[in-house]
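Colleague: Predicted model and sequence below, questions to follow.
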2 protein chains.
Amino acid sequence: MFLTRPNPRYFTRTNRILASQLRYYSAPGEGTIPPAKKIYVPTSGTYPLGFKAGSAHVGVKASNSRFDDLALIASDTPCAGAAVFTTNKFQAAPVTVSRDMLKRRKGEGIRAVIVNSGCANAVTGRGGIEDALSMGAEADKCFISDNNGEDDGQGSRSVVMSTGVIGQRLPIQKITSKIPTAYYNLGSTHDHWLSTARAICTTDTFPKLLSRTFMLPGSQEKYHIAGMTKGAGMIHPNMATLLGIICTDAPVSAGPLQSALSSAITKSFNSISIDGDTSTNDTVALLANGAAGGPSISSTSSERFQAFQETLTNFAIDLAKLVVRDGEGATKFVTIRVTNAESYKDAHRVASTIARSPLVKTALYGKDANWGRILCATGYAESVSSVIPTETSVSFIPSDGSDALRLLVKGEPERVDEARAGKILEAEDLEILVRLSEGRGWKEEAMFWTCDFSHEYVTINGDYRT
Amino acid sequence: MFLTRPNPRYFTRTNRILASQLRYYSAPGEGTIPPAKKIYVPTSGTYPLGFKAGSAHVGVKASNSRFDDLALIASDTPCAGAAVFTTNKFQAAPVTVSRDMLKRRKGEGIRAVIVNSGCANAVTGRGGIEDALSMGAEADKCFISDNNGEDDGQGSRSVVMSTGVIGQRLPIQKITSKIPTAYYNLGSTHDHWLSTARAICTTDTFPKLLSRTFMLPGSQEKYHIAGMTKGAGMIHPNMATLLGIICTDAPVSAGPLQSALSSAITKSFNSISIDGDTSTNDTVALLANGAAGGPSISSTSSERFQAFQETLTNFAIDLAKLVVRDGEGATKFVTIRVTNAESYKDAHRVASTIARSPLVKTALYGKDANWGRILCATGYAESVSSVIPTETSVSFIPSDGSDALRLLVKGEPERVDEARAGKILEAEDLEILVRLSEGRGWKEEAMFWTCDFSHEYVTINGDYRT
C-alpha cells in the first residue's frame, strides 16, 4: 500500500524535455536533430586549405546499423601537430599511443587524425594499446603512396582517438577494414566536414562544427581555422569524454602550436562542465599545415603568435560552448563569471565548484532562484583564499540585456523580486556573476560554462550501456 | 513538431520510485513513512539517564500546518558538550553562535540543544546572528529556575541548530514563543525521543534515531548513548545540511569529549555522500552528563577513553548510514571500500571521488555494472599518489554473501558475467571494493557510504523551495 501522489507537472515537463532531447547512441542522423538545436549546426563554412575530412560506417556498436562512426581528418602534406590530453590516471590506449607519437615526432610530420566513436578503447590493457597502434598504422597506409613509400623511421603519423563505452575492446578488424573507405570519402566541402563531425558523436544530439577566417599581423594572407568536437556527458575540467580536432592553414611550428593550444584549452575546454566527471579519453588535437602561406610562427614571443593565440582561444571557447549547449539532458546554458579574485586559479576554482554542484544544477533546472546554493558552493570551493563571506556578491545577468538582478550584496541578501527572478530563469541562457571582493583591488576573473541537471540526464546515464 | 519516443520503461520505473519516495517538506508524520523505510525506525530504545527530549509545532515554513518543527534536547544538569561544524566558508548564524558558545564555556556547563527545521538561518547577515542568539537565550530561560536564577556570567548554555532553506530569515517570534511548549513537552520515553527526532527532519522520509548501551573498562556501570540525525540532500564530507545530536550518560570531560567526537566524525559523517554538496549548517553535537556515574574520563590516553572512542565511532557510523539510507531519491545503499592505499587520506579521497561521481551514481541507479566509470573516478581523484593503473582491482561484493564479482584485476578487465552482475545490482545494498595495490605492502583503507542518483533526486531538488 503506497501513499503515492505523483506530481502531474513532473510528467508533463518530462515529456516536454524528452521531446527536446531525443538522443540516439552514436552520431545523430540528419533528420533527428532536435529543432531547438538546429541553429547550432552550420549550413556552410570556410575550411582550411590543404585539409580534407571523411567518414565511414563501421558499426562499432552492434546496434548502430546506420550512422558513420569512423572519421578521418587529413592534411595534404605533413604538418605540425599539438594535443592536450586527459589528466585522468587511467588513460585510454589511444591517449597513450597519440601522446607517444607526438613526442616521438616532436609534433612535426603529422598527416592525420583517425577517430572512432562507439567504444573508448579505455582500460583495455595491452590488447587495447595494440588496437590503437593498428588504427594509427592503418591510417598511415593511406598516405604511403604520397611519401613515395618512404618510411622516415619515426613511426606513425596519425593521431588516434576513440570515444564511447569504457572497458570493452574495439572491434579492430571491422575498424581497420573501413579506414580505406574513410580515406576514399575524404573531401574538402562543407558536407564532408559536417558528416565527419557527425561521425565522432556519441550521445550528442547534434554535430559540433565551427569554421572561421582570420588575418595575422605581418602578412596579407587570409587564414582559416575549422574544428569539430563531441561531448555531451562526462565533461569537466580536464576535458572528459570529449574529443576535439582543430585544423588551421596558418604556418605555426610545433613548439608555439603546443603553447597556443595548452593556453587556449585552459580557458575553453577546461572551463566547461556537464557533470563533473573527467574521463579517460579526452583529447583535443590541433594541426597546422601552413597551406595558406606567409611567414611561419616559430616562437611564442612575436606579435604574430599573440594574435594567433587570441584567435585560437576565442575559437576554442566557442567550440567548447557547443558542448555545453548539448549537455546530456540540459535545458539551460549557464555562464558563470567569478570576478575580483586574488588569482585566476581561485576564480576558476570557485566557478568550477559552482558549475558542478548538483544542488545548483537541479535548482536551475527547476527555475528556482536559489542563490543560497550558489553561495554554498562558493563557500566549499577547496584551497581558495579569495572567498570572504562579508564581501561576496551574487547577481543574475539576464540574457535579454535587462538590468542585473542582485541577489546578495556583500554578504547580505537582497529582497528579491521572485517574479522577475522566475522570468529570468525561464530563458535558456543565464549568467551568474559572483564578485568575490570589491574593496581589495583584486582583479582576476574566470569564466565557466555549464548546464543544468535534469531528469533526462539521469535517464541517459542510467541506461547508457543498454 | 517533435520526434518524440518517450521510453515507457522510464515512466513505469519513475512511478514505482515515486511510490517508495514520498517526501514532504518537513518532518514526516507517523503514517507517511515509506513501507521500505519502516525497518529503520526503532520501536523502542534505551536512553541516557538525565536527558530529556521534546518537540513543538511552530510552522517555520508556512506550508507546514501539522508537523512539529522545533526540537529541544536537555540535560537535567549542566554537562560537557562538544561539536563538529561545517567547513563551508559561509557559515550559518547558528554555527557561528554555537561555536562561540562552546568556546566561551570551554565545553562545560551546557544544558540544551535547541533546533528548528524549515529554515537554515544561513546567509542572513547580522539579523540572522541575533535570531540565533535569541533562540539560545529563550532556551536558556527554561533552565533559569534550575540554576536558582543564577547567571554564571558565561552567557548561553544552549547549542543552537537550524536546517532548511538558505537565505531567508527565521520567523523568530513564532519560534521563541514555542520554546516553552517544547520545554513543557520534554520527557524521557522512547516516544519523546522519536517525536523529537522527527521534528528536526526536512525532506527526510523517516526520523533517524538510534540508542545503545555499553560498558567501559574500569567500572561496572551500564552506560547509554542515543542520537538523532537528519540529512537527505546536500550531504558530503564535511557534513552538509546535516544535523546530529548525540547524548551519553557516561562521564567524559570536555577535552576528551571533543577529541572523541572529531575522530568519530571523520569515519562516519565525513565518510558519507549524497550529492557532494557541503552545506552552511552542518553540526554534530555530543553531550555527556555523567549521570550513570563511574570514574570520569578526563584524558585521551586511558584505556577507558579508547573504549569510549571506539563505541562512539561505531555509533556515529551507524547513525550516518541512516542518512545515506534516506538519500534524496536514493534506491541504492552503496558501501565503497578502498584498500591497499599508501595513506588513509588517499584511500578516503578515492572513495569520496567515486561516491560523488554523477556517472557512477546514475549507472548504479540504472543497475548497470559500468565499472569503467568507477575506474574513471578513481583516476581523477585529486592529489592522490596511491593510484597505479596496472595494480588497481575492482570488485562488486554482493549483499547476499555470495562470492565477489571481479570486474578488473590489476588493470586488466575480467570477462564479466553480466547476468550475475545484473542480479547483484538488483539488491538495494552493494559494496564496491577497490584495491589500489597488492604488491607494495600498503595497508591503509577507508570506507565510504553513498547512494545512487535518480530521477527523484532531480524532482526533489528542482522543486525544493516551491
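Modeller: All right, it came through fine. Numbering: from 1, shown residues only, chains lettered A, B, ... in the order given.

Colleague: Below-threshold pLDDT in chain A: ranges please.
Modeller: Low-confidence segments of chain A (pLDDT under 70): A:1-31, A:145-150, A:232-240, A:274-278, A:328, A:455-466.

Colleague: Show me it divided up by domain.
Modeller: Chain A breaks down by the TED database into domains covering A:35-326, A:333-463.

Colleague: Could I get the full set of helices for chain A?
Modeller: For chain A, the helices defined by DSSP state H cover A:8-20, A:93-104, A:125-141, A:172-184, A:190-199, A:254-267, A:303-325, A:344-356, A:358-365, A:371-380, A:418-426, A:455-462.

Colleague: Make JSON lines out of the domains of chain A and add distance to B:Gly441.
Modeller: Yep, even glycine has a C-beta here, placed from its N, CA and C like the rest. Shown next, in JSON lines, are the domains of chain A (distance: least, Cβ to Cβ, whole Å):
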{"stretch": "domain A:35-326", "distance to B:Gly441": "21"}
{"stretch": "domain A:333-463", "distance to B:Gly441": "30"}
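
Colleague: check contacts around A:Lys174.
Modeller: A:58-60 (Cβ atoms under 8 Å, 6 or more residues apart in numbering or on different chains).

Colleague: Among the residues you listed, which one lies nearest to chain B?
Modeller: Nearest to chain B among those, counting by Cβ to the nearest Cβ, is A:Val60 at 15.6 Å.

Colleague: Double-check that closest one against A:Asp69; I have them as touching.
Modeller: Yes. Look at A:Val60 against A:Asp69 with Cβ atoms under 8 Å: they come within range, at 5.0 Å.

Colleague: So for these two, which sits in the more crowded spot?
Modeller: The neighbour count for A:Val60 versus A:Asp69, taken as other Cβ atoms under 10 Å in any protein chain shown, is higher for A:Asp69 (29 against 25).

Colleague: Next one: A:Leu170 from A:Cys119, what distance?
Modeller: 5 Å (Cβ to Cβ, to the nearest Å).

Colleague: joint contacts of these two?
Modeller: Both A:Leu170 and A:Cys119 are contacted by A:60, A:162, under the criterion Cβ under 8 Å, 6+ apart.

Colleague: Report the beta-bridge partners for A:Arg406.
Modeller: A:Ser395 (DSSP bridges).

Colleague: neighbours around A:Pro358, how many?
Modeller: The number of residues packed near A:Pro358 is 27, by other Cβ under 10 Å.

Colleague: scratch that, A:Asp191 is what I was asking about
Modeller: Neighbours of A:Asp191 under the rule other Cβ under 10 Å: 12.

Colleague: do the one 4 residues further on as well
Modeller: Per other Cβ under 10 Å, the neighbour tally for A:Ser195 reads 23.

Colleague: I figured it hits A:Ser55, correct?
Modeller: Yes. Taking contacts as Cβ under 8 Å, A:Ser195 lies within contact range of A:Ser55: 5.1 Å.

Colleague: residues in contact with the nearest residue to A:Ile388 once chain neighbours are set aside?
Modeller: Nearest non-adjacent residue to A:Ile388, counting by Cβ to Cβ, 6 or more residues apart in numbering or on different chains: A:Ser437, 5.9 Å away. Residues counted as contacts of A:Ser437 (Cβ under 8 Å, 6+ apart) are A:340-342, A:386, A:388, A:391-392.

Colleague: let's see it at 10 Å
Modeller: Taking Cβ atoms under 10 Å, 6 or more residues apart in numbering or on different chains, we find A:Ser437 in contact with A:339-342, A:386-388, A:390-393, A:410.
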